[in-house]
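J.: Let me see the structure of the following:
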Amino acid sequence: MAQTLMLFALLGGFVLSWTSLSATRLLTALATEPEPQPLCQVDSCDLTEPAENQGAQFVQEPLSHSSFRPDFSSGLRRAHQRNNFTMLRAFSEAVVDTRLSTVQLLNEEGRQIALGAIVDSDGWIATKASQLSGRDKVTAQLSDNSELVAEIVQLSSDYDIALLRVQRDGLSAVHWANSSIPSRGTWLATTDIAKMPTAVGVVSAGIQSVRSARAVLGVELTDSTAGAAVVRVLMGTGAEQAGLRVGDNIIAVNGSPVASHQGFQRAIDASRGGTVVKLTISRAEKEFEINAQLMDLADELLDETEMEVNGPVSARATGFDRVFLHDTVLDPTQCGGPLCNLDGQVVGLNIARAGRVSSYALPADVLQPLLQGMIAQATLVSRSVSPPVAGSVR
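T.: Reported below is the predicted structural model:
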């Protein structure tokens, strides 16, 4: 019994001693004023990681919650967006067949100008016509990454649809949805040739008609002795993309002389958005020609701030009798390709990006008869006629 009491006494003394030492250290630490650390600006401080921390980085957080984590920066930058990696990956299984029916259309420099849909296994492709900017041929990149020359065979100005042909058969054609349009709130995916869709969104409104807007170049003009003088160039328009500058004088449109800003307006009045015009420009006593694409911008987009907020919009975004609206955020170069539901069925083709969260699609029930007629007509025109055989009745 005495030994037990002695053992408890020793343990108690040890605990009291350790507590006293800890308290002393705590009081000393609290009494010691920490050396102030300089506030850091990312561009001026040395943020080089130590060698043992290669492959990871510090993630900026409030000072009380700083931590060390692996490098997830690429995902964190887009985590608040609908088109983040996790969201797109969730749709990848649904679009696996449709992506095989999707093509990327490239210009001479190898840059994407539109997406397209394989609508017949014999090499027929549909896309948005105004994105081709009057080209005769483009390059079609398929889902297997092969590249083929695509010839532009027919155009439908009413629907802004172009029919192209590549010299390969046995292609995977789109599987059209049976219903005319998806209901509001339905999830949709815009496919690319990659395994994941390029963007997702939901149906915002049912079938509607979008009346044609006046085509504009994207400049403010005044009269000058040389023609129509440019006093402002609107960002994001065909004028800016063509390289027009303040002080330039437009002296001719498609070879016809222009004497005033009213004359310029009359020269383009009959044009639609997406039309490419040839402008003769006088700049610093030199004359040259440039091609510029007209755009049918809504009135609210004829403002610098609105254009900056909305981002790029399609050159032709109006003049459609039957489209439905969805909120997928697309670049104009991502129009022209398939838009499919979660069953992998193609409900339409993206035909225009009209605003920040406004994209139009031509529905499947409009496209199917249109494309069938275009293919039949193109096949009839290109079919060779056999010479008459002697003695036969024709």
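
J.: got the domain boundaries for this protein?
T.: 89-211+319-380, 219-295 (automatic domain parsing).

J.: Quick one: the strands in the stretch 101-250 of the chain, in order.
T.: Listed in chain order, the strands found in the stretch 101-250 of the chain under DSSP state E, counting those that start in this stretch are 102-106, 112-120, 124-128, 137-141, 147-156, 161-165, 187-190, 199-210, 219-224, 227-233, 249-253.

J.: average pLDDT for the first one?
T.: Put plainly, it is strand 102-106. Across strand 102-106, pLDDT averages out at 96.

J.: distance of the one residue sitting closest to the centre of the chain from residue 111?
T.: By C-alpha atoms, centre = their mean, the mean C-alpha position of the chain lies nearest to residue 331, the distance being 2.2 Å. Separation of residue 331 from residue 111 (C-beta to C-beta, to the nearest Å): 12 Å. C-beta: built from backbone N, CA, C; applies to glycine.

J.: what's the answer for residue 94, then?
T.: With C-beta to C-beta as the criterion, residue 94 and residue 111 are 28 Å apart.

J.: What segments of the chain are helices?
T.: 2-31, 73-76, 85-91, 96-99, 238-242, 261-268, 304-310, 364-382 (DSSP state H).

J.: now the last one and strand 147-156, what's the angle there?
T.: Relative orientation of helix 364-382 versus strand 147-156 (axes from the mean of the first three to the mean of the last three C-alpha atoms, to 10 degrees): 100 degrees.

J.: The chain should start at 32 in everything you say after this.
T.: That works, and once the first residue is 32, the last one we named lands at helix 395-413.

J.: what comes up buried for helix 395-413?
T.: Within helix 395-413, the residues that qualify as buried are 395-398, 401-402, 405-406, counting by 16 or more other C-beta atoms under 10 Å.

J.: wait, residue 394 sits on residue 210?
T.: No: if you go by C-beta atoms under 8 Å, residue 394 and residue 210 don't touch, sitting 9.2 Å apart.

J.: hang on, the earlier thing: go through the strands of the stretch 132-281 of the chain and name the closest to residue 343.
T.: Ranking the strands of the stretch 132-281 of the chain by distance to residue 343, with C-beta to C-beta as the measure, places strand 143-151 first at 12.6 Å.

J.: quick revisit: in TSV, list the domains of the chain along with distance to residue 344.
T.: Below are the domains of the chain laid out as TSV (distance: least, C-beta to C-beta, whole Å):
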stretch	distance to residue 344
domain 120-242+350-411	5
domain 250-326	7
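
J.: what would the strands of the stretch 132-281 of the chain look like in a markdown table with distance to residue 386?
T.: Below are the strands of the stretch 132-281 of the chain laid out as a markdown table (distance: least, C-beta to C-beta, whole Å):
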| stretch | distance to residue 386 |
| --- | --- |
| strand 133-137 | 23 |
| strand 143-151 | 19 |
| strand 155-159 | 17 |
| strand 168-172 | 27 |
| strand 178-187 | 24 |
| strand 192-196 | 21 |
| strand 218-221 | 16 |
| strand 230-241 | 11 |
| strand 250-255 | 22 |
| strand 258-264 | 21 |
| strand 280-284 | 28 |
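
J.: Comparing those strands, which comes out most buried?
T.: strand 155-159 (a mean of 28; mean count of other C-beta atoms under 10 Å).

J.: Can you spell out which helices and strands pack onto that strand?
T.: With contacts defined as 3 or more C-beta pairs under 8 Å, 6 or more residues apart in numbering; DSSP states H and E, strand 155-159 has these neighbours: strand 143-151, strand 192-196, strand 377-386, helix 395-413.

J.: Please repeat the previous calculation with a cut-off of 7 Å.
T.: strand 143-151, strand 192-196 (3 or more C-beta pairs under 7 Å, 6 or more residues apart in numbering; DSSP states H and E).

J.: Just the CA atoms of the shortest one, as CSV, please.
T.: It stands for strand 192-196. What follows is strand 192-196, C-alpha atoms only, in CSV (Å, rounded to 0.1, in the frame of the first residue of the first chain):
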residue,chain,number,x,y,z
ILE,A,192,-26.3,26.2,-93.6
ALA,A,193,-23.5,25.0,-95.8
LEU,A,194,-23.3,21.5,-97.2
LEU,A,195,-19.7,20.1,-97.6
ARG,A,196,-18.3,16.9,-99.0
